[in-house]
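K.L.:
Sequence plus the predicted model coming up.
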There are 2 protein chains.
Amino acid sequence: MSTPANSAETPARTYGGRSAEDRRTERRGRLVAAAVRLLAARGEGGTTMTAICAEAGLTERYFYESFKGREAALVAALDAVADEIAVVAVAAIEGTEGTATARVHAALEALVAWVDDHPDRAHVALVESTAHPALRARRRELLGVFADLVATEAAELYGDRAWPADRARVQGLLYVAGLSELVAARLAGEVTLDAEQLVEIGSESFERLAVVTD
Amino acid sequence: MSTPANSAETPARTYGGRSAEDRRTERRGRLVAAAVRLLAARGEGGTTMTAICAEAGLTERYFYESFKGREAALVAALDAVADEIAVVAVAAIEGTEGTATARVHAALEALVAWVDDHPDRAHVALVESTAHPALRARRRELLGVFADLVATEAAELYGDRAWPADRARVQGLLYVAGLSELVAARLAGEVTLDAEQLVEIGSESFERLAVVTD
DNA sequence: ACAAACTGACATGGCCTCCTGTCAGATGGA
DNA sequence: TCCATCTGACAGGAGGCCATGTCAGTTTGT
């Protein structure tokens, strides 16, 4: 009972001028960043625990400090990239005033610009996210989130002229999935479109799908 | 020079009443079928060479008789399933008379029915096809083929009211990819739609995307 | 200065996979 | 009948990864 507070569980000492928790999260960040780089460079199959540790400059012990296993690290890497994308998309939509068309346009411009600026991370989000069961599960969730986002925006932008509510999520999923495949194909060089054309096609398709015509 | 024809390379003897080539292709077929079953049941990671051989009731030697390695077998399995789908789609389109809308409807009905009748094979085509680099490459090719098919149909069905030619392939890709993700989501139970609703959404989306409105 | 906590390098065991090789038994043609 | 071909079962090495454990050296607080 000499030392009072958190004793056994977290001896909690400062090291290198930083708290235990600080160091711990910094190591986790390095591991996640390393996993993202490896996913981009070597694919899911090459992103082994050993490789992640080597890339991060950390030893295996610290890997298990932050992750239960390889799978958890892969999912964390995907989450990190997905968060970036969500931030970019939401910021563009919320930061733009004007007509519905203009806001959709702005969101797509921001997304395409991000992909062009970060092709490696985009590859992780669009391609490697399908390579492992755990990643696929997470990708499905993320697709659903974006589909809901799209559906919500459609309702907000177009009002009663948008999808009927019961179909919004489904239509949103079709749109989001189709667009992401198109972006992935462009990223892989299989489709040659400049950013402007891609944005144009994306927003035009969105309007055609979202707005009820009859 | 006593025995004349094909000597060293292909001793070519009948066994079990069947020619050498006959037996060889039958074994290959068993291996491919086994690979498809394993892809559906255990996923790409569980579809090892050893497992394929065990499932097919053949030994490793016969595996290498037909395939250069595991990858080749995986691709062959995907091809087998993709061929089925293409046959179903083409047959439905070509076998239906009537309006453009009716033909699109018929094609989607046939595809959805096939998915419902063969959920395992559908899972291989829609989900596991993204699990391995070699499979992804093949999947991309197949998506392109279906996108072109869709683009061609759009032009044939809707004439000048369809996509402009330079965008047809791209728009087709967006549609095909979006639809396949939607079908996959339904297959996974994440989206509850009966076959009729799915067909309706699919054909409606197709018309909205394909037909120029302005 | 000294003990406790922290860090990094390394090694070991267990497991599974790919792939090759060997060997006995079954089948077909001369 | 006899030999060549075909078939199936199995063994085993090489290689990779996961997960854990050990150990010397460094930093911190007392």
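P.N.:
Okay, I see it. Residues are numbered from 1 along each chain as shown, chains lettered A, B, ... in the order given.

K.L.:
alpha carbons only for contacts and neighbour counts from here, please
P.N.:
Will do.

K.L.:
Check chain A and tell me which residue is nearest its centre.
P.N.:
Nearest to the geometric centre of chain A sits residue A:82, at 1.1 Å (C-alpha atoms, centre = their mean).

K.L.:
got the contact list for the residue lying closest to that one once chain neighbours are set aside?
P.N.:
Spatial nearest neighbour of residue A:82, excluding adjacent residues (C-alpha to C-alpha, 6 or more residues apart in numbering or on different chains): residue A:125 at 6.6 Å. Contacts for residue A:125 (C-alpha atoms under 8 Å, 6 or more residues apart in numbering or on different chains) come out as A:78, A:81, A:82.

K.L.:
wait, does the helix or strand hosting residue A:35 contact DNA strand D?
P.N.:
Counting by DSSP states H and E, the element that carries residue A:35 is helix A:20-46. Yes. Helix A:20-46 is in contact with DNA strand D by C-alpha under 7 Å from any atom of the strand, via residue A:46.

K.L.:
Report the buried residues of the least confident helix or strand in chain A by mean pLDDT.
P.N.:
The weakest-scoring helix or strand in chain A, judged by mean pLDDT, DSSP states H and E, is helix A:133-158 (a mean of 90). The neighbour-count check on helix A:133-158 (16 or more other C-alpha atoms under 10 Å in any protein chain shown) flags A:133, A:135-136, A:138-140, A:142-155, A:157-158 as buried.

K.L.:
picking that back up, ok and the host helix or strand of the residue nearest to the centre of chain A relative to helix A:20-46, angle-wise?
P.N.:
Under the criterion of DSSP H and E, residue A:82 resides in helix A:70-94. Angle, helix A:70-94 to helix A:20-46, by axes from the mean of the first three to the mean of the last three C-alpha atoms, to 10 degrees: 100 degrees.

K.L.:
Report all helices and strands that helix A:70-94 contacts.
P.N.:
helix A:20-46, helix A:100-117, helix A:119-126, helix A:133-158 (3 or more C-alpha pairs under 8 Å, 6 or more residues apart in numbering or on different chains; DSSP states H and E).

K.L.:
ok, 10 Å please
P.N.:
helix A:20-46, helix A:49-56, helix A:60-66, helix A:100-117, helix A:119-126, helix A:133-158 (3 or more C-alpha pairs under 10 Å, 6 or more residues apart in numbering or on different chains; DSSP states H and E).

K.L.:
right, and those helices - which one's nearest residue B:165?
P.N.:
Distance to residue B:165, taken as C-alpha to C-alpha, is lowest for helix A:100-117 among the helices and strands packed on helix A:70-94, at 23.1 Å.

K.L.:
now the closest one, how far from the chain's geometric center?
P.N.:
15 Å (C-alpha atoms, centre = their mean, to the nearest Å).

K.L.:
Going by neighbour count, which residues of it are buried?
P.N.:
A:100, A:103-115.

K.L.:
pLDDT of it, averaged?
P.N.:
The average pLDDT for helix A:100-117 rounds to 93.

K.L.:
what about that helix and chain B, any contact?
P.N.:
No. Figure legend: helix A:100-117 not in contact with chain B (C-alpha under 10 Å from any C-alpha of the partner chain); closest approach 14.9 Å.

K.L.:
Which strands or helices does that helix pack on?
P.N.:
Other helices and strands packing on helix A:100-117, by 3+ C-alpha pairs under 10 Å, 6+ apart, are helix A:70-94, helix A:119-126, helix A:133-158, helix A:165-187, helix A:195-210.

K.L.:
which stretch in those helices has the least confidence?
P.N.:
Of all these, the minimum mean pLDDT falls on helix A:133-158 (a mean of 90).

K.L.:
Which other helices and strands does it contact?
P.N.:
Packed against helix A:133-158, as judged by 3+ C-alpha pairs under 10 Å, 6+ apart, are the following elements: helix A:70-94, helix A:100-117, helix A:119-126, helix A:165-187, helix A:195-210, helix B:20-46, helix B:165-187.

K.L.:
report the angle between the axes of the fifth one and helix B:165-187?
P.N.:
In this structure, helix A:195-210 runs at an angle of 50 degrees to helix B:165-187, with the same axes, to 10 degrees as the basis.

K.L.:
try the shortest one
P.N.:
Relative orientation of helix A:119-126 with respect to helix B:165-187: 50 degrees, computed using the same axes, to 10 degrees.

K.L.:
C-alpha coordinates for helix A:119-126, CSV please?
P.N.:
Provided in CSV are the C-alpha atoms of helix A:119-126 (Å, rounded to 0.1, in the frame of the first residue of the first chain):
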residue,chain,number,x,y,z
PRO,A,119,-3.5,6.1,-54.8
ASP,A,120,-2.0,3.7,-52.4
ARG,A,121,-4.5,4.3,-49.7
ALA,A,122,-7.3,4.3,-52.3
HIS,A,123,-6.1,0.9,-53.4
VAL,A,124,-6.4,-0.4,-49.9
ALA,A,125,-9.9,0.9,-49.5
LEU,A,126,-11.2,-0.1,-52.9
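
K.L.:
tell me the contacts of residue A:164?
P.N.:
A:151, A:155, A:171, A:210, A:211, A:212 (C-alpha atoms under 10 Å, 6 or more residues apart in numbering or on different chains).

K.L.:
can you put those residues in CSV and add distance to residue B:46?
P.N.:
Converted to CSV, the contacts of residue A:164 look like this (distance: C-alpha to C-alpha, whole Å):
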residue, distance to residue B:46
A:151, 37
A:155, 43
A:171, 34
A:210, 41
A:211, 44
A:212, 45
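
K.L.:
filter these down to the ones near DNA strand D?
P.N.:
Applying C-alpha under 7 Å from any atom of the strand to the contacts of residue A:164, one finds that nothing falls near DNA strand D.

K.L.:
and which of the residues you listed is nearest to residue B:55?
P.N.:
residue A:171 (39.7 Å).

K.L.:
What's the separation between that closest one and residue B:185?
P.N.:
Separation of residue A:171 from residue B:185 (C-alpha to C-alpha, to the nearest Å) stands at 12 Å.

K.L.:
Great, nothing more from me.
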